[in-house]
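In: 3D, please:
(3 chains)
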Amino acid sequence: MQTFLGAVINGLALGMAYALIAVGYSMVFGVLRLINFSHGAVYAFGAYMVFFFVSLKLGLLASILLSVVISGLLAMLVDKVALEPLRKKKSIPIATLITTIGVSFIIQNVLSIEYVFGSERRAFPSTNLFANLSIGNITIQSSQIIMLIVAVLLLGVLTFLVQGTKVGLAMRAIEQNRKAAHLAGINVDLVISFTFFIGGACAAIAGALIGGYYGVINPGMGSTIGLKAFAAAVVGGIGVLHGAVVGGLVVGVVECVAAQYLGSNVRDPMAFVILILILILKPNGLFGKKGITKV
Amino acid sequence: MKKKLGTIRENGFLYVFEHFIDAHRAALIALLALLAIAFPYTPVADRSTQRIVTMILLYAMLGMGLNVLTGYAGMVSLGHAGFYGIGAYCCALLTTRLNFSFWPALLLAGCLAALVGFLLGLPSLRLSGTYLSIVTLGFCEIVQMVLKQWDSVTNGNYGIRNIPKPELFGHQFNLQNGGFYQIILALSVLTALGCLAIKRSKYGRAFQAIRDDELAAGMMGVRTARYKILAFVISAFITGVAGGFYSVINNGYIEPNNFVFNVSVLIISVVVVGGLGTIRGMFFGAALLQLFPQVFPQVFRFLNEWRFVIYGVLLVAAMRFRPQGALGWQSTLPYPLSRRTREELAHRSVLPGGEKGATP
Amino acid sequence: MSFLNVEGITLRFGGLTAVDGVNFHVEQGEIVSLIGPNGAGKTTVFNMLTGVYRLDAGQIEFMGRRIDGRTPQEIVTLGIARTFQNLRLFPKMRVIENVLVGAHIHTNYSFFQSLFRTPAFRREESEKELRAVEILESIGLGHRVNDYAEGLPYGEQRKVEIARAMATDAKLLLLDEPAAGMNPAESEELLRFILRLKEAGYTVLLIEHDMRVVMNISDRIYVLDHGKRIAEGRPEEIVNDARVIRAYLGGEREANAED
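Out: Below is the predicted model:
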């Protein structure tokens, strides 16, 4: 029972961090109907930026803030340089898909270059900033508590951003009908850039939180976690913010519990088992909206 | 006299090039066949060249497999490494555990992959576009899990060792004697012929109709559900056979990590960079993407560390400037009517598109 | 009993009743037109006839058989084929391939026959090719056989759609605004072609806005407005019908429930 509870708590904390990455996928998918495979690499990049600024003795908080801005800008740049031209040319979706994969190759491998950061693991400043919490036999690390709190706060802010602000309204309008939104005077390119920025910023925070929890980072850290976060976004219903949160939590908890009882090999694929089950039962995810086909 | 081709441009390099090839088709095929058969006996064919060429043909075959699904039927799979792995493990297990000979094991590897392809095709009835790609991605991860977890059969993370080399009538096929090359040459040529036959039949047309407009295809009587699943089955079969072949050429050893997501990405890159929907493009794309990491570090030693960065840049640039793929042009040749049809039309002296075409 | 008999068909989209208890019939060899203002529900009727939408009420009989509730594939096999208002060709395929897809349901060779290109396969494939070329020539597209559908001008793409529908060996053709986007000379030619279809034994149900086409070729006309049938009759009766004139010229217009 205790190990079970421990696994659940682990899963909740990790799940919230997944949710932070998942919102990046979800928002971009909502606006552009595109799986942005470069997002996982931006997450790794964010973690490395924190690592870099901390090594310059800038302090953890300042480093994270800087990294958030830079990662947001990177995500925006990716869109501007690689994706926007394809959009303007009305390329086939698969071309855009390959492009995002190419971009993730670029980011991840630049990080691995020896005189950049190198391909080896690096020690990351721990986010265990205060004493661990113990309830009975269960120990909750402070990094987990921080992960949970920061993620909840941030997702709250994001929800407000999407539901309660003008930019959010514009995002939702573009999601419904990009052409009509453009005709209504919305600066579509700007809103798309903003969406990428937010996604990149959230990924950087997730990078700092997860890096701080495990204490190590490596350039490839984004590939598996990126796919899992993406699965989480789809499970919840891609394009829907609270869907990403629920999806992240479901994936986090299930994989931690499964790893506890079935062995560590099943940890990573668990997200996809849930994904396939959900998609077959509810093709649009738990909270996804159904589209109407027209003839 | 050349026929009028309507909206097809009758000038330009492509037109001249394609018509040149068409005019000398038999001679060119004979030349290519000669080169292909002679290759292992030429002085250039040392171990490393043989290995590279074998990998190119293997990836061309994988490309053709995915091409049936993505190029013809328009469904994007991010999980073909899964079928590849299933084929490889099936073949390896049959030969090592049950003492099967390589050849039936290879066929069964394709069949098992096809069966799984059938199952994976089922969600395609409810999901389309990106969502379907996501399921295929998940499928690949789950195959990974099963391969790692099912210790008693797959030997888990340790993989399978000592996979015997193929033999036929006492002759062993291996890298040194050009045997691997000969097998994959035969397999890839057969696959190419099969794909062409499919493309020029009602099956290929149904796939392409579904790709271009699924609803309209349904309204023309195409049972879209069946054909989508069929595309999965054919695609998985080809990929499974390729996997079976891979299991014997990798120093007799395979492990789950040979079939990760990145392999799916490589396969799909071959298809898209080469030219979606074409056969020529699969060979070209495979050659490009296999040669790049081999040749590049030798030429640009100092850039060795950058090779995957440059690989990424190449993918991005290819999609930006040539999204149809390097060889993905639309043919300017006339539609290949069957000979019987051409004779009949000539008999009626009503050439399609000819000067005497009956335009009211 | 009529060739096509439609009784009380109704379809609702949420609160909107797009088609409301519409009755009509088509006799073999007739050319019947469905006309009405935008949003009247004409295309929706086509979608109901061809199995895209399930009826909320009513029934459809074709050649003595109930066809409502059947799949589009079954309906086209029974002999009803259609064209689309917003052109739904297979753009990356050649014109002849588009027509050959139309012949799909009557192409009987098996997968393995096509894989090994057996004599039976070759014979049948050649038959279908010849038939496709014949159809294309009959509609004036003999010079377009080899082209890609997306490369054709708009008017010719419409013709390819008709050719594709003919290749299904349908007995009843549903043509959804075939003259849209054609110049007067082209629509004149189309008009003659539709009359030839009738001579060749086809029955045609037509949606058309070009009144010159409608009035010149229709045996009978049904007028729809707001999902209801408001008039029926021969062309000369329809032009003088007060309700029709009101529907077209007066009265409020509603949101476009079609396309």
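In: Please work out how many residues are found near residue A:148.
Out: 19 (other C-beta atoms under 10 Å in any protein chain shown). C-beta: built from backbone N, CA, C; applies to glycine.
In: what helix or strand does it sit in?
Out: Using DSSP states H and E, residue A:148 sits within helix A:142-164.
In: right, is the helix or strand following that helix up against chain B?
Out: Using DSSP H and E, the helix or strand that directly follows helix A:142-164 along the chain is helix A:166-176. No: on the criterion C-beta under 8 Å from any C-beta of the partner chain, helix A:166-176 is out of touch with chain B, staying 14.4 Å away.
In: which bits of the stretch 51-200 of chain C sit near chain A?
Out: Counting by C-beta under 8 Å from any C-beta, the residues of the stretch 51-200 of chain C close to chain A are C:52, C:84.
In: Which parts of the stretch 51-200 of chain C are strands?
Out: Using DSSP state E, counting those that start in this stretch, the strands of the stretch 51-200 of chain C run over C:57-62, C:65-66, C:80-82, C:172-176.
In: Comparing those strands, which comes out most buried?
Out: Of all the strands of the stretch 51-200 of chain C, strand C:80-82 carries the top mean neighbour count, a mean of 29, counting by mean count of other C-beta atoms under 10 Å in any protein chain shown.
In: Neighbouring strands of it in the sheet, and parallel or not?
Out: strand C:172-176 (parallel) (DSSP bridges).
In: and the angle for the partner strand with strand C:57-62?
Out: Put simply, strand C:172-176 runs at 120 degrees to strand C:57-62, going by axes from the mean of the first three to the mean of the last three C-alpha atoms, to 10 degrees.
In: low pLDDT regions in the chain?
Out: Since no chain was named, I'll use chain A. Within chain A, the segments meeting pLDDT under 70 span A:1-2, A:289-295.
In: Sorry, I should have been clearer: chain B.
Out: Judged by pLDDT under 70, the stretches of chain B that qualify are B:1-11, B:301-304, B:349-360.
In: What residues does the stretch 151-300 of chain B have near chain C?
Out: B:194, B:197-198, B:201-203, B:205-206, B:208-209, B:211-213, B:215-223, B:230, B:277.
In: Taking the stretch 51-200 of chain B, what residue is nearest to chain C?
Out: residue B:197 (5.2 Å; C-beta to the nearest C-beta).
In: Not counting the helix or strand hosting that residue itself, show me its contacts.
Out: Assigned by DSSP H and E, residue B:197 belongs to helix B:179-199. Applying C-beta atoms under 8 Å, 6 or more residues apart in numbering or on different chains, the external contacts of helix B:179-199 come out as B:36-37, B:39-40, B:45, B:50, B:53-54, B:57-58, B:60-61, B:64-65, B:67-68, B:72, B:165-166, B:171-174, B:204, B:207-208, B:234, B:238, B:241-242, B:245, B:248-249, B:279, B:282-283, C:114-117.
In: counting contacts, what elements does the helix or strand following it pack onto?
Out: Sequence order places helix B:202-212 as the next helix or strand after helix B:179-199, per DSSP H and E. Judged by 3 or more C-beta pairs under 8 Å, 6 or more residues apart in numbering or on different chains; DSSP states H and E, helix B:202-212 is in contact with helix B:179-199, helix B:214-219, helix B:224-249, helix C:95-102, helix C:111-115.
In: Can you dump the C-alpha atoms of helix B:202-212 in PDB for me?
Out: Output of helix B:202-212 as PDB, limited to C-alpha atoms (Å, rounded to 0.1, in the frame of the first residue of the first chain):
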ATOM      1  CA  LYS B 202      -7.500  -1.200 -59.200                       C
ATOM      2  CA  TYR B 203      -5.900  -1.700 -55.800                       C
ATOM      3  CA  GLY B 204      -3.300   1.000 -56.300                       C
ATOM      4  CA  ARG B 205      -5.900   3.300 -57.800                       C
ATOM      5  CA  ALA B 206      -8.200   2.700 -54.800                       C
ATOM      6  CA  PHE B 207      -5.300   3.600 -52.500                       C
ATOM      7  CA  GLN B 208      -4.600   6.800 -54.300                       C
ATOM      8  CA  ALA B 209      -8.200   7.700 -54.500                       C
ATOM      9  CA  ILE B 210      -8.500   7.300 -50.800                       C
ATOM     10  CA  ARG B 211      -5.400   9.500 -50.400                       C
ATOM     11  CA  ASP B 212      -6.700  12.200 -52.600                       C
END
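In: burial measure for the residue lying closest to residue A:27 once chain neighbours are set aside, as a count.
Out: Spatial nearest neighbour of residue A:27, excluding adjacent residues (C-beta to C-beta, 6 or more residues apart in numbering or on different chains): residue A:195 at 5.1 Å. Other residues near residue A:195 come to 25 when the count uses other C-beta under 10 Å.
In: ok, residue A:195 - contacts?
Out: Per C-beta under 8 Å, 6+ apart, neighbours of residue A:195: A:27, A:28, A:31, A:171.
In: Which single one of these is nearest to chain B?
Out: residue A:28 (11.8 Å).
In: does the closest one sit in a helix, a strand or a coil?
Out: Reduced to three states with DSSP: H, G, I helix; E, B strand; the rest coil, the structure at residue A:28 is helix.
In: Roughly how far does the spatially most central residue of chain B sit from chain A?
Out: Central residue of chain B (C-alpha atoms, centre = their mean): residue B:64, 1.6 Å from the mean position. Computed with C-beta to the nearest C-beta, to the nearest Å, the distance linking residue B:64 and chain A is 17 Å.
In: ok, now residue B:209?
Out: For residue B:209, the distance to chain A - C-beta to the nearest C-beta - is 16 Å.
In: ok, that residue to residue C:88 distance?
Out: 10 Å (C-beta to C-beta, to the nearest Å).
In: related to what we said a few turns ago, next, the buried residues of the helix holding residue B:197.
Out: By neighbour count on 16 or more other C-beta atoms under 10 Å in any protein chain shown, the buried set for helix B:179-199 is B:179-185, B:187-188, B:191-192, B:194-195, B:197-199.
In: again with stretch B:262-281
Out: B:263-281.
In: Helix or strand with the lowest mean pLDDT in chain C?
Out: Least confident helix or strand of chain C, by mean pLDDT, DSSP states H and E, is helix C:242-249 with a mean of 76.
In: distance between that one and the chain's centre?
Out: Centroid separation between helix C:242-249 and its chain, computed with C-alpha atoms, centre = their mean, to the nearest Å, is 25 Å.
In: cool, stretch B:292-312 as well?
Out: The answer for stretch B:292-312 is 25 Å, by C-alpha atoms, centre = their mean.
In: Could you do stretch B:26-41 as well?
Out: The answer for stretch B:26-41 is 21 Å, by C-alpha atoms, centre = their mean.
In: Could you report the distance from the residue in the stretch 1-150 of chain A that chain C sits nearest to to residue A:182?
Out: Residue nearest to chain C within the stretch 1-150 of chain A: residue A:92 (10.5 Å; C-beta to the nearest C-beta). According to C-beta to C-beta, residue A:92 stands 21 Å off from residue A:182.
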